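S.K.: prediction below, plus the sequence it came from.
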Amino acid sequence: MSNPFQGPAAPEIRPVADDEEFQAALRVRIAVFVDEQGGPLSDEPDAWDPAARQFVVLDRAQVVGTARVYHPIPGVAKIGRVCLLPEYRGVGWGQQLLAELLRYTRTLGVPEVMLDAQTAAMPFYERFGFVPEGEDFMEGGIPHRRMRQRL
């Protein structure tokens, strides 16, 4: 079955410009993590959002994906809330988003970046050099595993 996606070959990926754009990113997070995956609405937004650098993925000025980077502990950047609307998956945009997030984390001067991957998505992150650690844990009703990468 072919993907009906007809967007440009490359998305625009950049930090959120204003609150309106953050609200659009939040709607994407709710569509993916709450409506599609059954997570709790109370997690969107969460306490980390005000301190995080929010990113958006745009298709012709429409927010279709998002992610964030923040510092849960000194010296460590954490990537989180990585998601794309379903019709934008499988066309390389997730890879481009993660590559941009890693470029950004390298500018922060931290020695390490971590994330909590849904276990089904672990192979995606492993291709970028993330290494799993510890045991699986539940977050939003979905199994996750912590992953880290030295920069």
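M.R.: Now that the structure is in, tell me what you want to look at.
S.K.: quick one: low-confidence ranges for this structure?
M.R.: Across the chain, the ranges flagged by pLDDT under 70 are 1-9.
S.K.: ok, the residue nearest the centre of the chain - contacts?
M.R.: By CA atoms, centre = their mean, the chain has its centre lying nearest to residue 82, at 1.4 Å. Contacts for residue 82 (CB atoms under 8 Å, 6 or more residues apart in numbering) come out as 66-67, 94, 97-98, 101, 115. Every residue, glycine included, has its C-beta placed from N, CA and C.
S.K.: rerun that using 6 Å as the cut-off
M.R.: Contacts for residue 82 (CB atoms under 6 Å, 6 or more residues apart in numbering) come out as residue 67.
S.K.: direction included, what does the helix or strand hosting it pair against?
M.R.: Using DSSP states H and E, residue 82 sits within strand 76-84. Its sheet considered, strand 76-84 pairs with strand 62-73 (antiparallel), strand 112-118 (parallel) by DSSP bridges.
S.K.: now it: how far from the chain's centre is it?
M.R.: With CA atoms, centre = their mean, to the nearest Å as the basis, strand 76-84 stands 4 Å off its chain's centre.
S.K.: mind giving me the packing neighbours of the longest helix seen in the chain?
M.R.: Longest helix of the chain, by residue count under DSSP state H: helix 93-107. The contact analysis (3 or more CB pairs under 6 Å, 6 or more residues apart in numbering; DSSP states H and E) places helix 93-107 against strand 76-84.
S.K.: if we use 10 Å, what do you get?
M.R.: strand 12-15, strand 53-59, strand 62-73, strand 76-84, strand 112-118, helix 122-126 (3 or more CB pairs under 10 Å, 6 or more residues apart in numbering; DSSP states H and E).
S.K.: may I have the shortest one as PDB, with CA atoms only?
M.R.: Okay, so that is strand 12-15. Extracted in PDB, the C-alpha atoms of strand 12-15 (Å, rounded to 0.1, in the frame of the first residue of the first chain):
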ATOM      1  CA  GLU A  12      10.900  22.500   7.600                       C
ATOM      2  CA  ILE A  13      12.200  21.700  11.100                       C
ATOM      3  CA  ARG A  14      12.900  24.500  13.500                       C
ATOM      4  CA  PRO A  15      12.300  25.700  17.000                       C
END
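S.K.: list the buried residues for that strand?
M.R.: Buried residues in strand 12-15, counted by 16 or more other CB atoms under 10 Å: residue 13.
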